[in-house]
Structures are given as C-alpha cells and as structure tokens.
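Novice: Output the structure for:
(2 chains)
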Amino acid sequence: MKKMKMGKFPKPASIPQPKTPSSLIPSQKPSKTPLIPSSKFNFKSPDLSAAKSLFNSISSTVNPDLNHTNSFLKSYASISTVDDSISLLRHMIKTHPAFSPDRSTYHILLTHSCAAPDPSLSPVHGVLNLMSSAGFSPDKVTADIAVRALCYAGKIDHAVQLFDEMSLRHSVPDSYTYNFLVKCLCKCRPLSTIYEFIDKTRSSFGLKPDLVTYTIIIDNVCNSKNLREITRLVAVLGEEGFKPDCFLYNTIMKGYCMLSRGSEAIEVYNKMKENGVEPDTVTYNTLIFGLAKSGRAKEARKYLKIMAEKGHSPDVVTYTSLMNGLCRERDVLGAYALLEEMKERGCEPNECTYNTLLHGFCKAKMVERGVELYRVMKERGMELDTAAYATLVRVFCRRGEVAEAYEVFDYAVESKSLTNVAAYSTLESALKEVNKAREQGRIA
Amino acid sequence: MLPPRMKQAVMDNPKKLANLIDLVNLPTPLREFMGQSQTSRLGCFMHVWSYIKENKLQDPNNNNVINCDGKLRSILLGKPQVELAELPALVKLHFPKKPI
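Specialist: Numbers count the residues shown, from 1 in each chain, chains lettered A, B, ... in the order given. Predicted structure coming up:
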C-alpha cells in the first residue's frame, strides 16, 4: 500500500581508493595521452592471443598510461577467466616495461576472481598471492573489495571465510566492511549465525559492533517481527553505552508500527524527545503510518498537525498513510478530503494514494466515486495495486457489470500492474463467486 | 515498510498455478481455434477473449453477452449466446483436471 524509505546505511567514506574499478575507466579522468576510445576495449571473445596482439598494437602506436591499461585489463577480465586475465597481465608487464601495475590493477583481477564461478576460494587466493608477490600486501581496501564482490556474487560463506583469513593474515577489515557483511548475513542467514559471527570477530579480532551494526540488526529483527528481540537489543545497546540516534529510533519505531503497536510507537516518539533527539520527517511518517494502521487515525491526524508545526512539511507518504488509516475506519470521504488538502498544499498524489482511495471507495460501496478515480488513474497511466484491482473487479462482478470487470482486467494486464496469472485468477474467482451466489438466489 | 503483499491464493498454491499455466495438449476443436497444438488454460482464455474483442462479438445492447460466431460456437458447447461471466468456466471445460 505504501513505501517508506528508512534511509540508507552510510556508505564507506574513508576508503582511500575507489571501491569499484569502474571509476578507473579513462573517460572519467582527464588524460594527457592521445585518447584511446574506450569502445576499443569492448572485447567480444575471451581469446587470449587476440587480446595480447591487440595490446601489442595499442602499445606500439600510443603510450598507454595506467588508466588505459587498467581499463583494457578490466574489459578483458569481464568476459574471460581469471587465469587468462592473469596471463594477460603478465604479458602486459613483459611487453610494455613502462607499465607498472598498481594496487588498483590487482583489485580489478580480485573483483573478477570473486565473481568467478568456482566452488572454492582458490581463484581469490591466487590473486591475493600474486598481489603480495608484486609487493602490494592486501589491506583494508582489498578486504572490502573482495568481501563486497563475494557478497554480490551470492557467496556469503566465502565472504565470511575471507573476512576471517584477512583478519588473521593481513589487516583487520574496517567497520564498513564489517557492517556490510553483517547486513548481507542478515538478509539470508538466521539471527543465530549473525550473533555467532559477531561474537567470533569480537573475541578473535577485537572488532566491536557499532551503532550502525546494531541498527542493521534491529532493522532485520523488526522486519521479522520479533518483538522480544527488539526490546532485548535496545537494552543491550544501552549497556554497551551507545546513544541511539534519530535513524535508530526510526528503525525501532518502524518495528512497532509493522506490528500495529501504536502505543509503543508513541512511546518511542516520547523517548526521543526526552533524550533530545529531534524527530525528522521519516519519524513522523512512520508514526502516522503506525497509528493509522492500528486504527487510530484521529491521533495520526494530530501528529500531522504537530509535524507541520515543527516545520516538517508532510509529503505524499504522510498523506497516503493517513488516508489508508481513514479508509480502514470506513471514512473514505475524510480520506478524499485529504486528497484535496494535499493538492492544495502542492503535494502531488502518486499511484499509492490513488490505489488507497480506490480501494477505500470500493470497500465503502461508493462504486461511482471509485470508478471516477479509476478513470483518472487510467488516463494518467497509473498502475493498479493488487488490493485495489481485486476490489474493483469484485465490485463490478457483483453488480453484474461483467464487461466492466473485463475492461479493468484488460487495463491491469496492459499496464502490467499485475502478472497475467494474478489478474486472471482474481477475475476468475470473482466470477465464480458471483455465479455461485446467483445460483443460490442470493443476488439477482 | 511495505506491508506483506496481499498474495493471491493461486500464486501460493503450486498445484493451482500449474493448472493455470502448464502447457497442455489440446483437443481437436480447440486446436483448430488456437492454431497451435499446446497451450495453457490462461493462454487459451486470453486468446478467446482477444478473439471476442477483435471480432466485436459483444452484444451491442448488452456488453455482458457474447454473440458467438461459428468458430467460437465450435469451442463453447455450440451455444449461440454466452455470458461473459461464464467464459472462464467454459474455457476450463477443455482443461479437465489431471488424474493425480
């Protein structure tokens, strides 16, 4: 029904070198050498000898600098195997003595070795050894690149393994890498695995979870609706001496709101004010959403006012949440009035807003108004959501306006609002239900 | 923040989903109408419905009724008129339940 962005976790900022080798493409950096169009590096075949001779011909005409050689290697590596890429690098060093690969050159190979379809970490180890022997001992950046690449390739167990190895042999990865890995673990592993990982890194490498780590875990716990765990983690947080920031409060509040715990959400809000943390727009949006969801639209409306007084202008998310709440309480007209109000304030309604109202009108048996809204949506090419589509189709079928229901079906399929299967099965079951009712004489 | 999406009963039930989208060898009359030997129940319904729209077979006085032409009659039990509401059920007749 609505989407609310809780904000993003901070991205690594302290990493001294580019995180992804893509920023090594020459087009992004001014270069003095006569330009070699980067399209020239679009390799079509992973043939090693062809790549070697192409490099020879380039290096004999122009004097490629590090950027060029790196992007040359990168584009070859992207379609080739790790071993062939390493051979190419060796060839490049041999035939073009002016070229001395730097850390970023090896990081290119590292990224690709992480993505390689190999059931073990051996290609990664190969590149790391190569790197060390060239005099570049793997550092925090190396660890970050490798861990991220492994996670993106879906090899999370390998990422954990590499994290441990890096910590043991080289340098302990920084908190950005650590938090990234925790976040990835949260997505696909049970909570116990994450706690194990945290305990292990704490005892063996002295890495402590920070506020961001706790936010990640609490966010994950909230999404799995584990109320008791939220409470426990908040307590642990206090013991560890962390002071929750606005973002963390928002996350905790979100957890309560998802469970329709309006009172707890208000408690969080009051606690924020007690602790001197200024609520932001997301806080109010979350609170209004939560209250509306737990059937307390009146209070939600109160917070809409407070929000505006505090200088946070309500946005489309705020209004849509509140409308949703009003619709739940069968006050569609109130919700519709809000639509006018938001338009007056210069806040454009979006698809979610219209879907919420459409659903509300259909549920409240004010079909004409709903149809009106549907026409507006159709005119603007807006997608229908599952709930709005289903209620609209059902209403049409019940009123015997089957052709209209088919028309909505056509629109849903055409606008790709729903998959064909979902759209059809809704239509089919609506018709079935109505036919059955008609047989039993429940409706004419 | 997205509340769990209202999931369709059909999408949750692999058997029902398969019933809808699995390709089936068609009986002869349907084969002629569809112009292919295999299709799914969903594909068949979409084909019939677009055939109706293309040939404007909906009754001008009552949109909810289809005046079948010869081709359509051959696959819809030979009825001269069919209600839109029964269309899914009529199409389903060609796709008997698979013995388990």
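Novice: what sits against the residue nearest to the spatial centre of chain B?
Specialist: When C-alpha atoms, centre = their mean is applied to chain B, the residue found nearest the centroid is residue B:45 (2.5 Å). Under the criterion of C-beta atoms under 8 Å, 6 or more residues apart in numbering or on different chains, the contact list for residue B:45 reads A:424, B:87, B:88, B:91. For every residue, glycine as well, the C-beta is placed using N, CA and C.
Novice: tell me which of these is nearest to residue A:73?
Specialist: Closest approach between the contacts of residue B:45 and residue A:73, by C-beta to C-beta: residue A:424, at 50.7 Å.
Novice: Give me the nearest residue to that closest one, chain neighbours excluded.
Specialist: Nearest in space to residue A:424, with sequence neighbours left out and distances taken as C-beta to C-beta, 6 or more residues apart in numbering or on different chains, is residue B:42 at 5.6 Å.
Novice: Which residues lie in contact with that neighbour in this structure?
Specialist: Applying C-beta under 8 Å, 6+ apart, the residues near residue B:42 are A:420, A:421, A:424, B:20, B:21.
Novice: For those, which single residue is the most surrounded?
Specialist: Looking at those with neighbours defined as other C-beta atoms under 10 Å in any protein chain shown, the largest count falls to residue A:424 at 24 neighbours.
Novice: buried stuff in the lengthiest helix in chain A?
Specialist: Counting residues, the longest helix in chain A under DSSP state H turns out to be helix A:420-439. Residues of helix A:420-439 classed as buried by neighbour count (16 or more other C-beta atoms under 10 Å in any protein chain shown): A:420-432, A:434-435.
Novice: Pretty sure residue A:393 sits against residue A:404.
Specialist: No - assessed by C-beta atoms under 8 Å, residue A:393 is found out of contact with residue A:404, at 9.0 Å.
Novice: And the two? Which one has more around it.
Specialist: When residue A:393 and residue A:404 are compared for neighbours, residue A:393 comes out ahead with 27 against 21, by other C-beta under 10 Å.
Novice: tell me which element the more buried one falls in.
Specialist: Element membership of residue A:393, judged by DSSP states H and E, is helix A:386-398.
Novice: That helix close to chain B?
Specialist: Yes - using C-beta under 8 Å from any C-beta of the partner chain, helix A:386-398 reaches chain B at A:386, A:387, A:390, A:397.
Novice: Tell me the residues of chain A that contact chain B?
Specialist: A:1-6, A:254, A:258, A:286, A:289, A:293, A:386-387, A:390, A:397, A:400-404, A:406, A:420-422, A:424-429, A:431-432, A:434-435.
Novice: cutoff 7 Å now
Specialist: Residues of chain A lying near chain B by C-beta under 7 Å from any C-beta of the partner chain: A:1, A:3-4, A:6, A:254, A:386-387, A:400, A:402-403, A:406, A:420-422, A:424-426, A:428, A:431, A:434-435.
Novice: Any stretches of the chain with poor pLDDT?
Specialist: Answering for chain A, as no chain was given. For chain A, the stretches with pLDDT under 70 are A:1-42, A:442-444.
Novice: wait, I meant chain B there
Specialist: For chain B, the ranges with pLDDT under 70 are B:1-12, B:98-100.
Novice: mind listing the helices for it?
Specialist: Going by DSSP H, chain B shows helices at B:9-12, B:14-21, B:28-34, B:41-54, B:70-75, B:87-92.
Novice: List the contacts of whichever helix or strand comes after the helix holding residue A:393.
Specialist: Once helix A:386-398 ends, the next helix or strand along the chain (criterion: DSSP H and E) is helix A:402-414. Outside helix A:402-414, the residues within contact range by C-beta atoms under 7 Å, 6 or more residues apart in numbering or on different chains are A:378, A:384, A:389, A:392-393, A:396-397, A:418, A:420, A:423, A:427, A:430, B:58, B:63-64, B:84-85.
Novice: Quick one: buried ones out of those?
Specialist: A:384, A:389, A:392-393, A:396-397, A:418, A:420, A:423, A:427, A:430, B:58, B:64, B:84-85.
Novice: which one among those residues gets closest to residue A:183?
Specialist: Checking the buried ones among the contacts of helix A:402-414 against residue A:183 by C-beta to C-beta gives residue A:418 as the nearest, at 31.0 Å.
Novice: What residue, apart from its backbone neighbours, is nearest the closest one spatially?
Specialist: With C-beta to C-beta, 6+ apart, the residue lying closest to residue A:418 is residue A:412, at 5.1 Å.
Novice: The one you found - how many residues pack around it?
Specialist: Neighbour tally, residue A:412, other C-beta under 10 Å: 27.
Novice: Check the gap between it and residue A:334 for me.
Specialist: 28 Å (C-beta to C-beta, to the nearest Å).
Novice: Which single residue in the stretch 151-300 of chain A comes nearest to chain B?
Specialist: Residue nearest to chain B within the stretch 151-300 of chain A: residue A:254 (6.3 Å; C-beta to the nearest C-beta).
Novice: okay, now that residue: neighbour count?
Specialist: 26.
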